[in-house]
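what would the 3D arrangement of this be:
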Amino acid sequence: MSDRLTMVQTIKYMLNSKELYKKLLFTIGILILFRLGSNLTIPGVTAQANDTSNPLAALMGGKNGNDLLSVLGMLGGGGLRRFSIFALGISPYIMSTIIVQLLSSDVIPSWTHLNKSGEAGRKRLDFYGRIMTFFIAIAQGYAFTATLQSSNAISFTKDNGLFTSFYVVMVLVGGSYLSLWFGDRITKSGLGNGVSLLIFSGIVANLPWNFFEIFQNAINPTGPLVYIFKGILDSIFCVLIFIVLTVATVYLSQSLRKIPVQNLGAGLALKNEEISYLPLRVNSAGVIPVIFSSAILTTPITITQFISNDEVKSVITTIFSTSQPFGMFLYFALTFAFTYFYSHITVNSEDIAENFRKNGTFIPGINPGKDTENYLKTTLNRLNFIGGFTLAVIAVFPYIMAKVLNIPSQIAMGGTGLIILVGVAIDTLTQIQGRIRQKSYSEFKSQTIFLDDIRNANVMNQENKKFEIIQDGYSKNNDPNSGEFGGWLW
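Alright, predicted model coming up:
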């Protein structure tokens, strides 16, 4: 089997493999349930999502909208547009994951020890993160409910009392944990990373709406013909930019630095095909930095709901908005920084160097052990600078484009969503192809063992026949000078 499988080959293997086919159906089924829940408005709450005259839709994509709410809507899987039971989605879990990973990086010693204790320690940290998710979900649920209420984007059908607000917040918290449970089921029993695929499904569902908003905001049918033509050109330009971003994201995701490695006692490889490589991605962190930095940008709107001064609220929201220069810079810096941070989590140089030492693998010209670890860290840092800078530029460019073309920054979220969409699709496809290769290798290995057994059996049969002929020849003619006997002897 070749190193790279085409899309047709991948689909063919999935349909022919009962195991992969069942996993695919299971994943699709969970995503359908999640999408159905994302379109189910919380009972007792009124919110019309796809009516642009509605305040909730205006907040999500209008010219005077709140781009931080758009970020939350994207990370939540698109449920905020209808203020559904999945309005928060897995965004509280993303925030708690960021906090846990930061605190376990030499901030809290006991957590740092757990982070370095293998799979058991990481499971414990994930448990802490899920507990933290509860409190973050309460804070986010209250903050966004209050924000949408004050903007008349949602209304309660019965009363606006404390009990009703508590009920809505608890439904949002429960929906967040149910979303997380859906993600866990996909990860364990389906295909791909469940949390990423939930975000993926929300972006896919809202992508047509984002492109519709581009044309709606750019084109004024009642205006002069010149402005209509200009609006059409601007819309086409936006779509072309999104296509370029997609191509750039694919190219960045597929770019590799191949480090040659050899095994002790294997000798020198004479052909390029015989050389083994350690592949390091230019962007080892994938689209996780974009997701993390987007999640952090939703923090100000949560904090402002606990501040009574309206002027302070307005200043904080404006400063951290990605439609403003500081917000763009913050988004760029966070994406760049998280690329460095998360790539060293996904590619642990210390573990790789230790595994090399145990398996007798080495990098030519580099001493095993600490020198190999330092070499990998240096190489990874250089790749991170290129990959992190490129990813940050790709992420922030839609907002710059929105500023130049004077279109709502919420529409630029379509560009960010597209980056996440492509990245998750590539990662999921890579995982599926990895499963196919593993399954094919197992089948090939079992077939090889079976063929070896047959070959050995044939050899034994041939040897037995030879022995019978020797015995027969010896019994017929006991003369050692006999040609027949001597022929078999020699």
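
what's the average pLDDT for the stretch of helix or strand residue 22 belongs to?
According to DSSP states H and E, residue 22 maps onto helix 18-38. Average pLDDT, helix 18-38: 89.

and what of stretch 420-427?
82.

and what of stretch 312-319?
Averaged across stretch 312-319, the pLDDT comes to 78.

off-centre distance for that stretch?
Distance of stretch 312-319 from its chain centroid, counting by C-alpha atoms, centre = their mean, to the nearest Å, is 31 Å.

now swap in stretch 239-258 and tell me
15 Å.

show me which positions of it end up buried.
Using 16 or more other C-beta atoms under 10 Å as the test for burial, stretch 239-258 gives 241, 242, 245, 246, 248, 249, 252, 253, 257. To be clear about C-beta, it is placed using only N, CA and C from the backbone, and glycine gets the same treatment.

what residues does that stretch touch?
Stretch 239-258 is touched from outside by 211, 214, 277-283, 286-287, 379, 383, 387, 390-391, 394, 397-398, 401, 414-415, 418-419, 422-423, 426-427, with contacts defined as C-beta atoms under 8 Å, 6 or more residues apart in numbering.

swap in stretch 341-354?
Outside stretch 341-354, the residues touching it (C-beta under 8 Å, 6+ apart) are 101, 105, 278, 280, 283-286, 288-289, 292, 368-370, 372-374, 376-377, 380, 383-384, 387-388.

just the buried ones from these?
101, 278, 280, 283-286, 288-289, 292, 368, 372-373, 376, 380, 383-384, 387-388.

the residue nearest to residue 429 when sequence neighbours are not counted - how many residues pack around it?
Spatial nearest neighbour of residue 429, chain neighbours left out: residue 10 (6.9 Å); criterion: C-beta to C-beta, 6 or more residues apart in numbering. By other C-beta atoms under 10 Å, the residues close to residue 10 number 15.

ok, the one 10 residues further on next?
Burial measure for residue 20: 18 neighbouring residues, criterion other C-beta under 10 Å.

isn't it up against residue 192?
No. Taking contacts as C-beta atoms under 8 Å, residue 20 lies outside contact range of residue 192: 11.8 Å.

number of residues surrounding residue 173?
If we define neighbours as other C-beta under 10 Å, then residue 173 has 21 of them.

my bad, residue 327
22.

which among the contacts of stretch 239-258 count as buried?
211, 214, 278, 280-283, 286-287, 379, 383, 387, 390-391, 394, 397-398, 401, 414-415, 418-419, 422-423, 426-427.

so which of these are in strands?
278, 280, 281 (DSSP state E).

the residue nearest to residue 96 when sequence neighbours are not counted is in what secondary structure piece?
Counting by C-beta to C-beta, 6+ apart, residue 132 is the residue found nearest to residue 96 once chain neighbours are left out, at 4.0 Å. Using DSSP H and E, residue 132 maps to helix 119-150.

list the helices and strands that helix packs on?
Under the contact definition 3 or more C-beta pairs under 8 Å, 6 or more residues apart in numbering; DSSP states H and E, helix 119-150 sits against helix 67-75, helix 91-103, helix 109-115, helix 162-189, helix 299-304.

mind putting those helices into TSV with mean pLDDT and distance to residue 31?
As requested, those are exported to TSV (pLDDT from 0 to 100; distance: least, C-beta to C-beta, whole Å):
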stretch	mean pLDDT	distance to residue 31
helix 67-75	69	16
helix 91-103	87	17
helix 109-115	86	31
helix 162-189	92	8
helix 299-304	75	28
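
and among these, the most buried is which?
helix 67-75 (a mean of 27; mean count of other C-beta atoms under 10 Å).

quick revisit: the helices and strands packed on helix 119-150: which one's closest to residue 34?
helix 162-189 (5.3 Å; C-beta to C-beta).

next, the angle from that closest one to helix 18-38.
Per axes from the mean of the first three to the mean of the last three C-alpha atoms, to 10 degrees, the angle that helix 162-189 makes with helix 18-38 is 170 degrees.

surely residue 334 and residue 295 touch.
No. Contact criterion C-beta under 8 Å: residue 334 and residue 295 do not qualify, at 9.6 Å.

looking at those two, which is more packed in?
It is residue 295, of residue 334 and residue 295, that has more neighbours when counted by other C-beta under 10 Å, with 23 against 20.

check contacts around that one.
With C-beta under 8 Å, 6+ apart, residue 295 has these contacts: 71, 75, 91, 94, 95, 98.

for the residue nearest to the third one when sequence neighbours are not counted, what are its contacts?
It stands for residue 91. Distances taken as C-beta to C-beta, 6+ apart place residue 75 nearest to residue 91, at 4.3 Å, with adjacent residues excluded. Listed by C-beta under 8 Å, 6+ apart, the contact set of residue 75 reads 89, 90, 91, 94, 199, 291, 294, 295, 298.

next one: residue 362
261, 262, 263, 264, 356, 368, 372.

again with residue 85
37, 40, 42, 79, 171, 172, 174, 175, 178.

and with 7 Å instead?
When contacts are counted by C-beta atoms under 7 Å, 6 or more residues apart in numbering, residue 85 is found next to 37, 40, 42, 171, 175.

repeat that for residue 334.
293, 296.

tell me which element it is part of?
Using DSSP H and E, residue 334 falls in helix 325-346.

which intervals of the stretch 251-400 of the chain have sub-threshold pLDDT?
265-274, 301, 305 (pLDDT under 70).

how about a cut-off of 80?
Scanning the stretch 251-400 of the chain for pLDDT under 80 picks out 264-275, 298-310, 313-314, 317-323.

quick one: the helices in it?
For the stretch 251-400 of the chain, helices defined by DSSP state H, counting those that start in this stretch occupy the ranges 288-297, 299-304, 310-319, 325-346, 349-359, 370-405.

among these, which comes closest to residue 153?
Among the helices of the stretch 251-400 of the chain, helix 299-304 sits nearest to residue 153 (C-beta to C-beta), with 13.3 Å.

against which helices or strands is the closest one packed?
Packed against helix 299-304 by the contact rule (3 or more C-beta pairs under 7 Å, 6 or more residues apart in numbering; DSSP states H and E) you find helix 119-150, helix 310-319.

now do the contacts for the residue lying closest to residue 400 once chain neighbours are set aside.
In this structure, residue 400 finds its nearest non-sequential neighbour in residue 328, 6.8 Å apart by C-beta to C-beta, 6+ apart. By C-beta under 7 Å, 6+ apart, residue 328 lies in contact with 322, 396, 399, 400.

if I look at residue 328, how far off is residue 334?
11 Å (C-beta to C-beta, to the nearest Å).

kindly report the same for residue 299.
From residue 299 to residue 334 the distance is 11 Å (C-beta to C-beta).
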